[in-house]
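>>> Build me a model:
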Amino acid sequence: MREGPGANYPIVCRLESGLDGIVLDGNHVMNGETRWQKIIVQGDSGWVNADFLILSDSGSTFSTTPETKEPNTKPAPIFPNINPNAHGLSD
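Coordinates of the predicted model:
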């Protein structure tokens, strides 16, 4: 998950593959041919490439795709350890 809608924004956390309960914020941005979707996960928000989201079985929330397509080039914390206040993500 990134601070903004593009690969040039800092990674604020990594979402585990298969993570459920992702809610779409309603905002999305096209950056070139990539659609970036703002999401909310466990009360925190950020941006992800929409190609990594799939509709959950319930039909009301999303989950991450089973396998990550983007290479891991920068270390980042796994989601539950994120401090949203440190990244300006809290309200």
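
>>> hang on, isn't residue 49 packed against residue 35?
Yes - counting by C-beta atoms under 8 Å, residue 49 touches residue 35, with 7.4 Å between them. The C-beta positions use only the backbone N, C-alpha and C, and glycine is treated the same way.

>>> who's more crowded, the two?
residue 49 (18 against 15; other C-beta atoms under 10 Å).

>>> tell me the contacts of that one?
7, 34-37, 70 (C-beta atoms under 8 Å, 6 or more residues apart in numbering).

>>> which one of these is nearest residue 25?
residue 37 (7.6 Å; C-beta to C-beta).

>>> Give me the residue ranges of the chain where confidence is low.
Filtered on pLDDT under 70, the chain yields the residue ranges 58-60, 66-91.

>>> Surely residue 4 and residue 45 touch.
No - with contact defined as C-beta under 8 Å, residue 4 does not reach residue 45; the gap is 11.4 Å.

>>> which residues sit against the helix or strand containing residue 29?
Applying DSSP states H and E as the criterion places residue 29 in strand 23-31. For strand 23-31, the external contacting residues (C-beta under 8 Å, 6+ apart) are 5-6, 35-41, 45, 47, 50, 61-62.

>>> Which ones among these lie within strands?
Those of the contacts of strand 23-31 mapping onto strands are 35-41, 45, 47, 62, per DSSP state E.
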